[in-house]
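1. this one's sequence-less:
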C-alpha cells in the first residue's frame, strides 16, 4: 500500500471514530444519564474554595488538596482545617496558572514524600516547577526541586503528576501557548516527562542519548494534558488532553511516540504520529483529571476510566476491554458545573471538585468551588 493510501485509510478511520462520537452526543445513546435508580448519591465535603486542582489521601481520615492561589489544605476526620499546611509564596496564579498537580510517593507511609507542581514568575515569563516536600502532618518541610523551568502560559501549563508501576514520576506539560514547542525535542513544553523519585533522568528514557533533545521527555506532541493514570494490572498509561476548539483527546501514551500537536489534530492523521484512542469535536468536553477506579464501593465502576470534564460539566465514564473503549456514559451532567479533579478515597468513594472560577469560562465567583463525593446509594434496589 502506498504512503498516500495509508494516509487516506487512517483519515477514514479517524473520521469514522469522530462521526461515531458525534452520533452518541446527538442521540444520547451511551452518553445518556441513567434513567433507572442511580446507584450513588452526592455529598458536599467542603465548599467556598477556589479551584481545587488535586486531591490526595494520606490516610483514610486525612485528605490534602491544592487551591489554585497556592495553598495546600487539610481535611482531617471530616473537618476542614482553617490554616493551610503550605502557602506558596513564589507562586504565579495568573489566569489558570497556580498550584496544580499533587501526588504521594508510592512509599509515602515510610518516607512521607509529597510532590507538588506549581507555576512561578521569571523574567522570561511564567514557568512550572515540581517540588518534593516531606509531610510531617503539621507542615511541609525539606523542600527539594525535582524539575523546573518548564515553559508555561496562563492557560496552557499542564500539569498532572502520577507515579507509574515502574516507580517513576510522570509529569504532563502544556505547550505554553506556543504550539511549535510541542514538536521540539529541545523543549519541555507539550510533553509527558519521566523522572525518578529524586528528579534524575532514567537511563531508559527514549531520548537520553539523542543530541539536542531533552532526556526527561517520554512522549511529545501534546497540547495541554490534564489527566494521567495507569490502567490497573497493566503498564498502559492513559492521558486526557485539551484540543483546539474541539479536538479533545484520550490517548494511550507510549515511550518516545509523537502525538501530533500541532501538525495533526481533530480528524487529521499522519503515519508518523499516534492517533488518539478517541477524540471529540464540538461541543468540547474539556477533559480534566483522569483516574481508573480501583475500589469496591461501586463494583459496576471497577477498572472504568473516569474523567472530569470542565466545559462538558460531567464525569465521563469509559468502560474498556483491554485498551479498547466499549462504551461511554456521562455522569452528573450539568448538575454541578465545571468538574476538574476526580479522585478515589481509601473507602472507594469517588471525590470530585468543581472549577467555576476559571476565567474566562467559569461562571462562579472567587472562593466559590466545592469538593463533593459519590457514595453508594443504599436505597437503590439490588
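-> Here it is on my side, so go on. In this text the structure is predicted, and so the values were computed from the model without any measurement.
2. okay, now the residue nearest to residue 60 when sequence neighbours are not counted: neighbour count?
-> Nearest residue to residue 60 in three dimensions, chain neighbours excluded: residue 346, at 4.4 Å (CB to CB, 6 or more residues apart in numbering). For the C-beta atoms, the positions are set from N, CA and C on the backbone; glycine is no exception. When neighbours are defined as other CB atoms under 10 Å, residue 346 has 13 of them.
3. these two touch, right, residue 346 and residue 57?
-> Yes - using CB atoms under 8 Å, residue 346 makes contact with residue 57 at a distance of 5.5 Å.
4. got any ranges where the stretch 201-350 of the chain has weak pLDDT?
-> By pLDDT under 70, the stretch 201-350 of the chain has no low-scoring segment.
5. now do the strands in it.
-> 217-220, 225-230, 237-241, 248-253, 278-280, 287-292, 305-309, 314-321, 324-331, 339-344, 350-354 (DSSP state E, counting those that start in this stretch).
6. ok, now the stretch 51-200 of the chain?
-> With strands called from DSSP E, counting those that start in this stretch, the stretch 51-200 of the chain shows them at 52-59, 62-67, 71-76, 79-80, 86-87, 99-104, 113-120, 127-135, 140-151, 161-163, 169-172, 191-195.
7. save those as JSON lines, and put in mean pLDDT and distance to residue 372 too.
-> Below are the strands of the stretch 51-200 of the chain laid out as JSON lines (pLDDT from 0 to 100; distance: least, CB to CB, whole Å):
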{"stretch": "strand 52-59", "mean pLDDT": "98", "distance to residue 372": "10"}
{"stretch": "strand 62-67", "mean pLDDT": "98", "distance to residue 372": "12"}
{"stretch": "strand 71-76", "mean pLDDT": "98", "distance to residue 372": "13"}
{"stretch": "strand 79-80", "mean pLDDT": "98", "distance to residue 372": "14"}
{"stretch": "strand 86-87", "mean pLDDT": "98", "distance to residue 372": "24"}
{"stretch": "strand 99-104", "mean pLDDT": "98", "distance to residue 372": "18"}
{"stretch": "strand 113-120", "mean pLDDT": "99", "distance to residue 372": "23"}
{"stretch": "strand 127-135", "mean pLDDT": "99", "distance to residue 372": "24"}
{"stretch": "strand 140-151", "mean pLDDT": "98", "distance to residue 372": "26"}
{"stretch": "strand 161-163", "mean pLDDT": "99", "distance to residue 372": "22"}
{"stretch": "strand 169-172", "mean pLDDT": "99", "distance to residue 372": "24"}
{"stretch": "strand 191-195", "mean pLDDT": "99", "distance to residue 372": "29"}
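8. now distance to residue 370 too, for those, in TSV please.
-> Formatted as TSV, the strands of the stretch 51-200 of the chain follow (distance: least, CB to CB, whole Å):
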stretch	distance to residue 370
strand 52-59	8
strand 62-67	11
strand 71-76	12
strand 79-80	12
strand 86-87	21
strand 99-104	17
strand 113-120	22
strand 127-135	24
strand 140-151	24
strand 161-163	23
strand 169-172	25
strand 191-195	30
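9. right, and the ones you listed - which one's nearest residue 181?
-> Among these, the nearest to residue 181 by CB to CB is strand 140-151 (6.3 Å).
10. residues contacting the closest one, please?
-> The set of residues that contact strand 140-151 without belonging to it, under CB atoms under 8 Å, 6 or more residues apart in numbering, is 72, 85-86, 114-115, 120, 122, 125, 127-134, 158-159, 169, 171, 173, 176, 178, 181, 187-189, 193, 195, 198-199, 216.
11. bridging residues for residue 134?
-> residue 113, residue 141 (DSSP bridges).
12. mind starting the numbering at 8 from now?
-> Got it, first residue is 8 now, which makes that one residue 141.
13. OK, contacts around it?
-> Listed by CB under 8 Å, 6+ apart, the contact partners of residue 141 are 118-121, 147-149.
14. ok, residue 289 - contacts?
-> Neighbour list for residue 289: 252-253 [criterion: CB under 8 Å, 6+ apart].
15. tell me how many other residues surround residue 291.
-> Counted with other CB under 10 Å, the neighbours of residue 291 add up to 18.
16. I meant residue 200, not that one.
-> Using other CB under 10 Å, residue 200 is surrounded by 27 other residues.
17. swap in the one 5 residues further on?
-> Residue neighbour count, defined by other CB under 10 Å, stands at 9 for residue 205.
18. what's the closest of the strands of the stretch 208-357 of the chain to residue 84?
-> Nearest of the strands of the stretch 208-357 of the chain (CB to CB): strand 357-361, 15.9 Å.
19. test my guess that residue 221 contacts residue 192.
-> Yes - at 6.4 Å, residue 221 counts as touching residue 192 under the criterion of CB under 8 Å.
20. and stretch 272-279, which residues are buried?
-> The neighbour-count check on stretch 272-279 (16 or more other CB atoms under 10 Å) flags 272-276 as buried.
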